[in-house]
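**Q** prediction below, plus the sequence it came from.
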Amino acid sequence: MPRSTKIVATLGPASSDEETLGRLIAAGVDVVRLNFSHGSAADHIARARMVRSIAAAHNRAVAILADLQGPKIRVGKFAEGRVTLEKGATFILDADCELGHAETVGIDYKELPHDVKVGDVLLLDDGKIVLAVDRVQGNRVFTTVRVGGVLSNNKGINKQGGGLTAPPLTTKDIEDINTSVMLGADYLAVSFPKSGADMYMARELMRARGGKSLLIAKIERAEAIPALEEILKASDGIMVARGDLAVEVGDAAVPALQKHMIRMAREMNKLTITATQMMESMIASPIPTRAEVSDVANAVLDGTDAVMLSAESASGKYPVEAVEAMHRICVEADRGMDADVRLDQEFMNRVFTRADQAIAMAALFTAHHLKVKAIVALTQSGSTALWMSRLNSGVPIYALTPEEGTYSKLALFRDTRVFLMAQESHDRERVLADAQAFLLAQGVVAKGDLIVLTIGEPIGKAGGTNTLKIVRVGES
């Protein structure tokens, strides 16, 4: 059974050599994430070239996701690398401190003293350390340790409930957008957006440099939740980034928010990636915990397009095993999904303003009721396949495209298998016949199978899907 839900794997020291990357792609990775918080531009460009080369050797569509670092809201460094904070102790966050010790530490985010007030709660190192703000004096924030522990260099700072004013795009991010264009990233992830305007700015900067990446908004700030609809409108998809989000809104709020975000994104024809700590124990263990298995499966059942590995594949001991485990879980969870009960209602009640969107929905409706073997979208831009993949008809979608840029982007779409197929004719019937012959050669359909095909005329026009045809393979 083909896997419907896609797998994103972060590259890092454990997975950047050619042999391991080949094993990851063979194990089922659909998207590789280049984390711009680490490494140089040259590192990322070299990794992207390696991904393209190995994916081509495996005859696989593999997308590249460039993930911007965003603002560094972190503590600075300590003279001895770390300190132990005791509950009840006074601890100072000082924007002017260069090297910290047991009573104080510097901060990369120099605006912090202006963003907090007495009574605010600051959460450090993903919430492991909790500080209550007692007073602000100049560039120093005086706090009392509510929950202590070991605090080491460069750990993150969050404000409970949100409210930090750091802009989503830093000088480094703007430079990294240029790098993402140079390496031909299929997707560009923007960290910490708070509004649709943040995403529009990122898109304009990327396009000004000639980039064509699809934009993913990482939802990890409390302020992003009430602005979710406008952020989705300005983006091509979202990442449910459960780490920083859980620290700001509370961990108990995240599961319901995850379901809400995925549902809204699917309704708005946007993509979703569910991320953070999905297989965390596999950084050091060859098998996942039962809770992690349930977490991944639950994201699949929510309808996410993809589930993501972070440190598990970037720096863990078992990167390939983590992908293999995630693949098994996704396949079983996919098997348990029923056809979407909204299909008939969506088809009857929605108003379409575009012919290609209407054709996509008609293909789903037809496939669901005729119980066809496959839906085949001949697509230039990938839009028809995207709309089809927003609802689960129970029928696999095969996207055939002559465009290499579209080919790799489609690797993220759930329920969609993508093939690069040369287009040698501008005659519709010839192209449809070529598509059937291609799918027969790939072994994904057999003679006599009933399939639904969509295509646009004139042939080769992006966004021009306007025809649906029901055919029995091998019959004229």
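**A** Sure, I can see it.
**Q** show me what the helix or strand encompassing I54 is packed up against.
**A** I54 belongs to helix 41-57 when assigned by DSSP states H and E. The contact analysis (3 or more C-beta pairs under 8 Å, 6 or more residues apart in numbering; DSSP states H and E) places helix 41-57 against helix 18-27, strand 31-35, strand 63-67, helix 171-182. Bear in mind the C-beta positions are built from the backbone N, C-alpha and C, glycine included.
**Q** what does that helix contact?
**A** Here helix 41-57 makes contact (C-beta atoms under 8 Å, 6 or more residues apart in numbering) with 11, 16, 18, 21-22, 25, 32, 34, 36, 61-62, 64, 66, 175-176, 179, 182-185, 408.
**Q** kindly report the same for stretch 175-183.
**A** The set of residues external to stretch 175-183 that reach it, using C-beta under 8 Å, 6+ apart, is 34, 36, 41, 44-45, 48-49, 64, 66, 68-69, 188, 202, 205-206, 209-211, 213.
**Q** buried ones in that stretch, by neighbour count?
**A** Across stretch 175-183, burial judged by 16 or more other C-beta atoms under 10 Å covers 176-177, 179-181, 183.
**Q** and the helix or strand hosting D244, which residues are buried?
**A** Using DSSP H and E, D244 sits in helix 242-249. For helix 242-249, burial by neighbour count (16+ other C-beta under 10 Å) applies to 242-249.
**Q** now do stretch 37-57
**A** For stretch 37-57, a neighbour-count test (16+ other C-beta under 10 Å) marks 39, 44-45, 47-48, 50-52, 54-55 as buried.
**Q** nearest to N154, of these?
**A** When these are compared for distance to N154 (C-beta to C-beta), G39 wins out at 15.5 Å.
**Q** what about the closest one, distance to R33?
**A** Using C-beta to C-beta, to the nearest Å, G39 is found at 12 Å from R33.
**Q** looking at the protein, which helix or strand does the model trust least?
**A** Between all helices and strands in the chain, the lowest mean by mean pLDDT, DSSP states H and E belongs to helix 343-349, at a mean of 60.
**Q** same list (the buried residues of stretch 37-57) but as TSV, adding pLDDT.
**A** Shown next, in TSV, are the buried residues of stretch 37-57 (pLDDT from 0 to 100):
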residue	pLDDT
G39	92
H44	97
I45	97
R47	97
A48	97
M50	97
V51	97
R52	97
I54	97
A55	97
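**Q** helix or strand for G106, which one?
**A** Using DSSP H and E, the element containing G106 is strand 104-106.
**Q** and that strand, what does it pack against?
**A** Here strand 104-106 touches strand 90-94, going by 3+ C-beta pairs under 8 Å, 6+ apart.
**Q** the strand it packs on pairs with which strands, and in what direction?
**A** Note on strand 90-94: by DSSP bridges, its sheet partners are strand 104-106 (parallel), strand 140-147 (antiparallel).
**Q** could these go into JSON lines alongside mean neighbour count?
**A** Compiled in JSON lines, the strands paired with strand 90-94 are given as follows (neighbours: other C-beta atoms under 10 Å):
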{"stretch": "strand 104-106", "mean neighbour count": "21"}
{"stretch": "strand 140-147", "mean neighbour count": "18"}
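**Q** got TSV for the ones you listed, with distance to H114 and mean pLDDT too?
**A** Shown next, in TSV, are those (distance: least, C-beta to C-beta, whole Å; pLDDT from 0 to 100):
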stretch	distance to H114	mean pLDDT
strand 104-106	16	97
strand 140-147	10	97
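**Q** pick out the most distant pair among the buried residues of stretch 175-183.
**A** I177 and L183 (11.2 Å).
**Q** for the closest residue to A362 other than its chain neighbours, give its distance to A446.
**A** In this structure, A362 finds its nearest non-sequential neighbour in L468, 5.6 Å apart by C-beta to C-beta, 6 or more residues apart in numbering. Distance, L468 to A446, using C-beta to C-beta: 22 Å.
**Q** quick one, which of the two is more surrounded?
**A** Applying other C-beta atoms under 10 Å to L468 and A446 shows that L468 carries more neighbours, namely 16 against 11.
**Q** which residues of the stretch 201-350 of the chain score low on pLDDT?
**A** The stretch 201-350 of the chain contains residues with pLDDT under 70 at 338-350.
**Q** please read the previous query as pertaining to the stretch 1-150 of the chain.
**A** By pLDDT under 70, the weakly predicted segments of the stretch 1-150 of the chain are 1.
**Q** repeat that for 90
**A** Applying pLDDT under 90 to the stretch 1-150 of the chain flags the ranges 1-2, 72, 126.
**Q** contacts for the strand holding G106, please.
**A** When contacts are defined by C-beta under 8 Å, 6+ apart, strand 104-106 is touched by residues 75-78, 83, 91-100, 140, 151.
**Q** pull out the buried residues from those.
**A** Among the contacts of strand 104-106, those classed as buried by 16+ other C-beta under 10 Å are 75-78, 83, 91-95, 97, 100, 140, 151.
**Q** of all those, which two lie farthest apart?
**A** Pairwise distances across the buried ones among the contacts of strand 104-106 (C-beta to C-beta) peak at 18.1 Å, for the pair V83 and A95.
**Q** just give the nearest non-adjacent residue to K233, would you?
**A** Take K233 and drop its neighbours on the chain: the residue closest to it by C-beta to C-beta, 6+ apart is G196, 5.9 Å away.
**Q** the one you found contacts P226, doesn't it?
**A** No - using C-beta atoms under 8 Å, G196 is not in contact with P226; the gap is 12.0 Å.
**Q** of the two, who's got more company?
**A** G196 (18 against 10).
**Q** contact partners for the more buried one?
**A** 227, 230-231, 233-235 are the contacts of G196 under C-beta under 8 Å, 6+ apart.
**Q** tell me which of those fall in strands.
**A** Among these, none falls in strands (DSSP state E).
**Q** just the buried members of the residues you listed?
**A** 227, 230-231, 234-235.
**Q** mind putting those into CSV with distance to E429?
**A** Shown next, in CSV, are those (distance: C-beta to C-beta, whole Å):
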residue, distance to E429
A227, 48
E230, 44
I231, 43
A234, 40
S235, 38
